[in-house]
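A.B. asks: Here's a sequence, model it:
(one chain, ligands or ions: 1)
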Amino acid sequence: MGEVLKKHLKIGVLDLAARAPTRKMFSRIMRANLASIMPQIVGVWCEEAGHDVHFVCYTGSEDLLEELPSDIDVLFVSAFTRSAHLAYAISNLYQKQGTITVLGGPHARCYPEDAQKYYDYVLGITDKQLVHDLLQDCSQQRPYGVALSALRQPAFLPSVEERWRFISATLDKTPTRLKIVPMIGSLGCPYSCSFCIDSVIDYQPLEFDQIREDLKFIRRNMKNPMVGWHDPNFGVRMDDYMSAIEEAAPNASVPFIAESSLSLLSEKNVKRLGKAGCVATLPGIESWYGMGNKSGTGSRQGDEKVLQVSDHINMILRHIPYVQTNFVLGLDSDEGAEPFELTKKFISLTPGAFPESSVFIQIYDDIHVG
Ligand code: SF4
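C.D. replies: Presented below is the predicted three-dimensional model:
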């Protein structure tokens, strides 16, 4: 165990939106728009504790050694598992310089035991108290780091105004007018999909007044605003949410993207979403065999489920221009070629939907980008 740190700290916060250097057009336009919300929140909490924060969202085109100072006391990194190798390499580099390294985000939540081999601290559920306690009393933890987690998700999160310094620095990196502000209005999810880390977190809406204030702030400060809602399942409190958006951003003045389970996207809700400015939604279909509760298909399976889901998605496309349907291929219920054949049938019946899975992303990358 190393020496305990001084009280006024130089802190780095690194959001790994890309996993490696890249010059692809998609990355240049979209990586900054896909920035995570939690690194910005951690940045605010560190500043509130009186520390200096150097914030970087890595989009694949930066030289991280130039962007981040080398004499950082504590470095927070947020990473998905696809960026884990990069996150581990960065920790190694900074640990050698005496920096205390902290990993948060989906990879830390899903694989803490592995991440502890490379980081001094690995964070699960993270709130302001946990970050402040960590900064008051942190030291090198090697060769095996310490896993920390709060008991529950925070009840309040910093406003868009408080995060604005980090948001605008990130969105300045994207070269087009498409600039998506990350917002969140609820945590957790009432559904129980076995593959999802949000399924074990109780659903909890955040303050709707805060959402109104955030949207008003965005309208005052951006020319062509757009919001990406990071809620695991946007539609759970649909009426409350839509009332807040309609009041604070009337006439679709802040277009938005939201992820919602299909069962919550009735035609009444979809019409209201479209009218309020929803330009894209991402319902999870996941499987042609199970998870009928979240897709609203009950016990229907296989061909029957394909037909019902296809009708449903075609209805949504009449009101919302972009629909991405999410699939998980390779679940225990999948066998042989049938899941692929059913997905092919779904695509031909629903040509407007963009199907997303690790398999399809690779095909899309190869054909359209690579
Ligand atoms: S509905 Fe979506 S957010 Fe909720 S548990 Fe399932 S995958 Fe996770």
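A.B. asks: Would you mind giving the secondary structure of Thr101?
C.D. replies: strand (DSSP: H, G, I helix; E, B strand; the rest coil).
A.B. asks: partner residues bridging it?
C.D. replies: For Thr101, the beta-bridge partners are Leu75 (DSSP bridges).
A.B. asks: Might one say that it is in contact with Ile72?
C.D. replies: No. Counting by C-beta atoms under 8 Å, Thr101 does not reach Ile72; the two are 9.3 Å apart. Using the backbone N, CA and C atoms, a C-beta is placed for each residue, glycine as well.
A.B. asks: Need the overlap of contacts for the two.
C.D. replies: Jointly contacting Thr101 and Ile72 under the rule C-beta atoms under 8 Å, 6 or more residues apart in numbering are Tyr94.
A.B. asks: Which one's more surrounded, the two?
C.D. replies: Higher neighbour count among Thr101 and Ile72: Thr101, with 28 against 22, using other C-beta atoms under 10 Å.
A.B. asks: quick one: that one from the ligand, how far?
C.D. replies: Plainly put, Thr101 is 29 Å away from the ligand if you go by C-beta to the nearest ligand atom, to the nearest Å.
A.B. asks: Just the element for the spatially closest residue to Cys278 that is not a sequence neighbour, please.
C.D. replies: Residue nearest to Cys278 in three dimensions, not counting chain neighbours: Ile320, with 5.4 Å by C-beta to C-beta, 6 or more residues apart in numbering. Secondary structure assignment for Ile320, by DSSP states H and E: no helix or strand.
A.B. asks: And Ile320, what's its pLDDT?
C.D. replies: Listed pLDDT for Ile320 reads 96.
A.B. asks: what's around it, how many residues?
C.D. replies: Per other C-beta under 10 Å, the neighbour tally for Ile320 reads 20.
A.B. asks: what does Tyr289 give?
C.D. replies: 18.
A.B. asks: One more: Glu48?
C.D. replies: Number of residues near Glu48 (other C-beta under 10 Å) recorded here: 13.
A.B. asks: Can you name the residues that contact it?
C.D. replies: So Glu48 contacts Lys128 (C-beta under 8 Å, 6+ apart).
A.B. asks: distance of it from Lys128?
C.D. replies: According to C-beta to C-beta, to the nearest Å, Glu48 and Lys128 sit 8 Å apart.
A.B. asks: low-confidence ranges in this structure?
C.D. replies: Within the chain, the ranges that satisfy pLDDT under 70 run 1-6, 355-370.
A.B. asks: helix or strand right after the longest helix seen in it?
C.D. replies: Ranked by residue count and defined by DSSP state H, the top helix of the chain is helix 302-317. Using DSSP H and E, the helix or strand that follows helix 302-317 in sequence is strand 322-327.
A.B. asks: which of the residues in whatever helix or strand comes next after that following strand are buried?
C.D. replies: Counting by DSSP H and E, the element after strand 322-327 in chain order, helix or strand, is helix 338-349. By 16 or more other C-beta atoms under 10 Å, the buried positions in helix 338-349 come out as 339, 342-343, 346-347.
A.B. asks: Could you chop this structure up by domain?
C.D. replies: The chain breaks down by automatic domain parsing into domains covering 10-148, 177-369.
A.B. asks: Please indicate which of the ones you listed has the most neighbours on average?
C.D. replies: Among these, the stretch with the highest mean neighbour count (mean count of other C-beta atoms under 10 Å) is domain 10-148, at a mean of 19.
A.B. asks: Show me how far that domain is from its chain's centre.
C.D. replies: Chain-centre distance of domain 10-148: 15 Å, with C-alpha atoms, centre = their mean, to the nearest Å.
A.B. asks: Give me the residues contacting stretch 214-230.
C.D. replies: So stretch 214-230 is contacted by 33-34, 36-37, 159-161, 164, 177-185, 244-245, 248-249, 253-259, 279 (C-beta under 8 Å, 6+ apart).
A.B. asks: Inside strands: which ones of those?
C.D. replies: Counting by DSSP state E, the part of these found in strands is 180-183, 256-258, 279.
A.B. asks: which one of those residues is nearest Val309?
C.D. replies: Distance ranking of the ones in strands among the contacts of stretch 214-230 against Val309, using C-beta to C-beta, places Ala258 first at 18.7 Å.
A.B. asks: My read is that the closest one contacts Val236, right?
C.D. replies: No. Assessed by C-beta under 8 Å, Ala258 is found out of contact with Val236, at 11.2 Å.
A.B. asks: Now the common contact residues for these two.
C.D. replies: By C-beta under 8 Å, 6+ apart, no residue touches both Ala258 and Val236.
A.B. asks: Grab the nearest non-local neighbour of Tyr121.
C.D. replies: Closest to Tyr121 by C-beta to C-beta, 6+ apart is Val102, at 4.4 Å.
A.B. asks: any residues touching stretch 70-83, and which ones?
C.D. replies: With C-beta under 8 Å, 6+ apart, stretch 70-83 has contacts from 5-6, 9-16, 18-19, 36, 38-39, 42, 46, 54, 68, 86-87, 90-91, 94, 97, 99-108, 110-111, 119, 135, 138.
A.B. asks: Just those residues: which are in strands?
C.D. replies: Residues from the contacts of stretch 70-83 lying in strands, with DSSP E as the criterion: 10-16, 54, 100-104.
A.B. asks: Tabulate the residues you listed (CSV), appending distance to Asp303.
C.D. replies: What follows is the ones in strands among the contacts of stretch 70-83, written out as CSV (distance: C-beta to C-beta, whole Å):
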residue, distance to Asp303
Lys10, 60
Ile11, 55
Gly12, 52
Val13, 49
Leu14, 47
Asp15, 42
Leu16, 41
His54, 55
Ile100, 55
Thr101, 51
Val102, 49
Leu103, 44
Gly104, 43
